[in-house]
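> Fold the stuff below for me.
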Amino acid sequence: MSTKKRTKGAKPIRIEDFERQVILRPLRIEDYDALIEMQALCFPGMATWARDQIESQLKMFPEGQLAIEYEGELVATASSLIVDFEDYSEWHAWKEIADNGYITNHDPDGDTLYGIEIMVHPSYRGLKLARRLYQGRRDLARRFNLARSIVGGRIPGYHEWADELTAREYAERVIDGQIYDPVLTTQTANGFVLKQLIPNYFPSDEASKGYATFLEWTNLDFLADPRRRYQRVHNVRLAAVQYLMRSVDGVEDFEAQCEFFIDAVSDYKSDFVVFPELFTTQMLSFLRPQVRPQEAARELAKQTPRYLEFFTDMAIKFNVNIVAGSQFVLEGEKLYNVAYLFHRDGGIDHQYKIHITPSERRWWGVTAGDEIKVFETDRGKVAILVCYDVEFPELARAAAAQGAQILFVPFNTPDRDGYLRIRTCAQARCIENHVYAVVSGCTGNLPFVENADVHYAQSGIFTPQDVPFARDGISAECTPNIETLVVRDVDIEQLRRHRLRGTVQNWNDRRTDLYRVVFGKGDDRIEI
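From the prediction side, this is the model:
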């Protein structure tokens, strides 16, 4: 009989002792403290979400706010909203699209899931948590039948390669798998396609050298509603000022009146605002108004540097492109009437008036310009025809041939006859060239200021005259001869369709075998 002692049996293995819980779930307001603690670790130096922003996100689109919980701890989150793809053209404008984090612009009827943030706690990276969040977003897109998901991002590994590669070359190598980038590699691995590199987006982002990315994932399960016919839309918001001329005591008074209008159109989120031709002559009410008109015009030209500085500041401050009417410019002994376009990014373009009226030559001694320009803006190509210039169809034709979609017409007329010439010709240019036109004029009186003493205006926004456009080709217009402004959206994409399929197609039906417009001098000549 054996006397060996029996060994005690081994304890059974408890599977639950080895289990870990990784849960993808909706974000809750109770997560707020842990969320901002994680955000501070993920994005050092950047402001964290305010509580009211998270509350707003959960109110507007609770399904779009995702969280990952690991062993009871919040370790990753993703925030998103639904928008209509056609409502936005600048997908890098995070503050606008994300409503500065409040997402009150969330559109349940939209077709695009826009990701505003994704983050993984630094202590839990390497667990492919971002993949789970991106999968959660793809599931959202399928659940809500959305056509796509769009995200922005960084390329934080680029600083290590910036001396050897351009940003494009770096991104291409990351996509090809030759270089690992902690953000872009993850995004492309999750089905996103890089659509654009955006320079100078975050100048303070040294790791990415200021670059941001724009990426898109396409939902192959998307089913378009067969009952709806979608057409691309490219809306531009235009504002035309009807400016009251009255005596002022100094430059400050003139600038205050201008800032009032710029502030007002900024509240409407206008893309452009147009002021009248030579509305700066208001300053002649205090700048030696009794001298001869030619001397007064040259005195006013001395204010041009201040005019340029003021409107540059206004365009940036109020985030609107400003066609600041026109102003006298003295070059040597020659006086020009020059219109300026102040871009909201700080750039400036200018257009010399090409056709000088008899009164301008006689009273002020204005010299004619000789070049029509087309300006590239953040909302399309535009041209400026200063008052009398719109009465010559060749100029608008040349501008349209170079791609102009909107004609800005600052004007200054003393009576109804003069105004009607501007209005009638502006509407004709819209018909001939499939463009929009914005006219802006002065009203009121300037006693004792010769050749600028009386004014008549009815500012407005005009369209081609056909079925898709506003009745009578008038998108909007002011009540005549009062100080006011008008704001209206126009659709640039509609112009393209109209040129192709309009009831009449003036541009396509020109008989260039019989006649042509030849514009320019020497090697710069163009035939249209």
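> Distance from stretch 414-422 to the middle of the chain?
33 Å (CA atoms, centre = their mean, to the nearest Å).
> outside of it, which residues touch it?
387, 390-391, 409, 411, 413, 439, 441, 453-458 (CB atoms under 8 Å, 6 or more residues apart in numbering). In this view, the C-beta of every residue, glycine as well, is placed from N, C-alpha and C.
> From those residues, which shows the smallest pLDDT?
By pLDDT, D453 ranks lowest within the contacts of stretch 414-422, coming in at 88.
> Touching, it and L446? I think so.
Yes - the pair D453 and L446 passes the contact test of CB atoms under 8 Å, sitting 5.3 Å apart.
> between those two, who's got more neighbours?
L446 (22 against 14; other CB atoms under 10 Å).
> list the contacts for that one?
The contact partners of L446, taken as CB under 8 Å, 6+ apart, are 245-247, 281-282, 284-285, 452-453.
> Just the buried ones among those residues, please.
Buried members of those, scored by 16 or more other CB atoms under 10 Å, are 245, 247, 281-282, 284-285, 452.
> Mind putting those residues into CSV with secondary structure and distance to N508?
Formatted as CSV, the buried ones among the contacts of L446 follow (DSSP: H, G, I helix; E, B strand; the rest coil; distance: CB to CB, whole Å):
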residue, secondary structure, distance to N508
M245, strand, 42
S247, coil, 51
T281, helix, 42
Q282, helix, 44
L284, helix, 47
S285, helix, 49
A452, coil, 42
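> wait, which of those is closest to I322?
Proximity of these to I322 (CB to CB) peaks at Q282, which lies at 16.7 Å.
> that older thread, in ChimeraX, how would I select just the buried ones from the contacts of stretch 414-422?
Selection of buried members from the contacts of stretch 414-422 for ChimeraX, criterion 16+ other CB under 10 Å:
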select :387,390,391,409,411,413,439,441,454,455,456,457,458
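> Out of the contacts of stretch 414-422, list just those in strands.
Judged by DSSP state E, strands contain the following of the contacts of stretch 414-422: 409, 439.
> out of the contacts of stretch 414-422, who's nearest R298?
Taking CB to CB as the measure, R298 lies nearest D453 of those, at 18.9 Å.
> how close does the closest one get to N445?
For D453, the distance to N445 (CB to CB, to the nearest Å) stands at 6 Å.
> coming back round to it: okay if I get the contacts of L446 as a markdown table plus distance to P199?
A markdown table is the format used below for these (distance: CB to CB, whole Å):
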| residue | distance to P199 |
| --- | --- |
| M245 | 43 |
| R246 | 46 |
| S247 | 48 |
| T281 | 41 |
| Q282 | 41 |
| L284 | 44 |
| S285 | 46 |
| A452 | 45 |
| D453 | 50 |
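> Show me which of the residues you listed has the smallest pLDDT value.
Scanning the contacts of L446 for pLDDT, the low point is A452. It has 84.
> That residue touches M245, doesn't it?
Yes - with contacts defined as CB under 8 Å, A452 counts as touching M245 at a distance of 7.4 Å.
> where do the contact lists of the two overlap?
281, 446.
> Can you show me the helices along the stretch 301-450 of the chain?
If DSSP state H, counting those that start in this stretch is used as the criterion, the helices of the stretch 301-450 of the chain fall at 304-318, 358-359, 393-401, 416-433.
> Need these in a markdown table (columns: distance to G126 and mean pLDDT).
Listed next are those as a markdown table, based on distance: least, CB to CB, whole Å; pLDDT from 0 to 100:
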| stretch | distance to G126 | mean pLDDT |
| --- | --- | --- |
| helix 304-318 | 44 | 93 |
| helix 358-359 | 77 | 93 |
| helix 393-401 | 57 | 95 |
| helix 416-433 | 59 | 97 |
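> Now distance to M46 and mean neighbour count too, for those, in a markdown table please.
Shown next, in a markdown table, are those (distance: least, CB to CB, whole Å; neighbours: other CB atoms under 10 Å):
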| stretch | distance to M46 | mean neighbour count |
| --- | --- | --- |
| helix 304-318 | 23 | 17 |
| helix 358-359 | 59 | 10 |
| helix 393-401 | 44 | 21 |
| helix 416-433 | 47 | 19 |
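> Just send the ones you listed back as CSV, with distance to L514 too.
Formatted as CSV, the helices of the stretch 301-450 of the chain follow (distance: least, CB to CB, whole Å):
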stretch, distance to L514
helix 304-318, 44
helix 358-359, 32
helix 393-401, 15
helix 416-433, 16
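> P44 is nearest to which of these?
Closest approach to P44 among the helices of the stretch 301-450 of the chain is made by helix 304-318 (28.9 Å; CB to CB).
> which secondary structure elements does that closest one contact?
Applying 3 or more CB pairs under 8 Å, 6 or more residues apart in numbering; DSSP states H and E, one finds that helix 304-318 contacts helix 251-267, strand 321-331, strand 334-342.
> Of the buried ones among the contacts of L446, which is the nearest to I474?
Nearest member of the buried ones among the contacts of L446 to I474, counting by CB to CB, is M245, at 24.5 Å.
> contacting residues for that closest one?
Contact analysis of M245 by CB under 8 Å, 6+ apart lists 279, 281-282, 442-446, 452, 455.
> possible to save those as JSON lines with distance to L238?
What follows is these, written out as JSON lines (distance: CB to CB, whole Å):
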{"residue": "F279", "distance to L238": "18"}
{"residue": "T281", "distance to L238": "24"}
{"residue": "Q282", "distance to L238": "23"}
{"residue": "C442", "distance to L238": "19"}
{"residue": "T443", "distance to L238": "19"}
{"residue": "G444", "distance to L238": "23"}
{"residue": "N445", "distance to L238": "28"}
{"residue": "L446", "distance to L238": "27"}
{"residue": "A452", "distance to L238": "26"}
{"residue": "H455", "distance to L238": "22"}
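> just checking, L24 touches R137?
No - between L24 and R137 there is no contact under CB under 8 Å: 10.8 Å.
> Need the residues touching each of those two.
Contact criterion CB under 8 Å, 6+ apart; residues shared by L24 and R137: L66.
> the more surrounded of the two?
Taking other CB under 10 Å, L24 and R137 do not tie; R137 has more neighbours (21 against 16).
> check which helix or strand covers that one.
helix 129-143 (DSSP states H and E).
> what's in contact with that helix?
With CB under 8 Å, 6+ apart as the criterion, helix 129-143 contacts 22, 24, 63-64, 66, 68, 70, 75-78, 80, 113, 115, 118, 120, 146, 148-149, 186-187, 189-192, 217, 219, 221-222.
> If any of these are buried, give me the PyMOL selection for them.
PyMOL command restricting the contacts of helix 129-143 to the buried ones, with burial defined by 16+ other CB under 10 Å:
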select buried, resi 24+64+66+68+70+75+76+77+78+80+113+115+118+120+146+149+186+187+190+192+217+219
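> among the contacts of helix 129-143, which are in strands?
Using DSSP E, the contacts of helix 129-143 in strands are 22, 24, 66, 68, 70, 75-78, 80, 113, 115, 118, 120, 148-149, 217.
> Mind listing the residues bridging to G152?
F214 (DSSP bridges).
> separation between it and I406?
According to CB to CB, G152 stands 29 Å off from I406.
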